[in-house]
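Asker: return atomic coordinates for the entry below.
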Amino acid sequence: MNDELKGSLSEALQGLIYISETDAGITLFEGGPAGEVTAANLLAQTGAAGDQPVEERGFEEIFARLTRVYEGAGESQAATAGRFAALKSLLEASLRDLKVFKVGKIQVDVYIVGLDADGNLSGVKTRAVET
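Answerer: Numbering: from 1, shown residues only. Sure, this is the predicted structure:
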């Protein structure tokens, strides 16, 4: 991941929280070279145990929930949805073949990744609790 993208993503992520059954910060994910975005490549680069369940989710599907402004939402929720929309746009403009992988069971690592201009697996990661 080049320094410009790293800086832009770091700025976009500052103070942004992923809400599930727990709230977790979102951080950069910097992987290495990958021919394509696959669960196997992600697991190899994260060192996750191969026996952990991996679920691939749609990029648009994940962001639909995060960017939606619900009826009766306050200014804070609307502002957060706007920040997630900006993050989505930044990821779309900077990475190709974007995918979302959920790794694990109950305490799930969530990776939103694609290939950067140099062919490296890059993006963001967070944690969710799903019971």
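Asker: center of the protein - which residue?
Answerer: Ile112 (2.9 Å; C-alpha atoms, centre = their mean).
Asker: pLDDT on the strand or helix carrying that residue, on average?
Answerer: In the assignment (DSSP states H and E), Ile112 maps to strand 107-115. In this model, strand 107-115 has an average pLDDT of 96.
Asker: low-confidence regions, this protein specifically.
Answerer: Within the chain, the stretches with pLDDT under 70 are 49-50.
Asker: hey, which helix is longest across it?
Answerer: Longest helix in the chain by number of residues (criterion: DSSP state H): helix 75-94.
Asker: which residue ranges of the protein form strands?
Answerer: For the chain, the strands defined by DSSP state E cover 17-19, 23-25, 27-33, 54-57, 96-103, 107-115, 120-129.
Asker: between these, which gets nearest to Asn2?
Answerer: strand 120-129 (9.4 Å; C-beta to C-beta). For glycine as for every other residue, the C-beta is placed from the backbone atoms N, C-alpha and C.
Asker: tell me the angle the closest one makes with strand 107-115.
Answerer: Here the directions of strand 120-129 and strand 107-115 differ by 160 degrees (axes from the mean of the first three to the mean of the last three C-alpha atoms, to 10 degrees).
Asker: what about strand 120-129, distance to the chain center?
Answerer: In this view, strand 120-129 has its centroid 4 Å away from the chain centroid, taken as C-alpha atoms, centre = their mean, to the nearest Å.
Asker: not counting residues beside it along the chain, what's closest to Lys88?
Answerer: Residue nearest to Lys88 in three dimensions, not counting chain neighbours: Phe63, with 4.6 Å by C-beta to C-beta, 6 or more residues apart in numbering.
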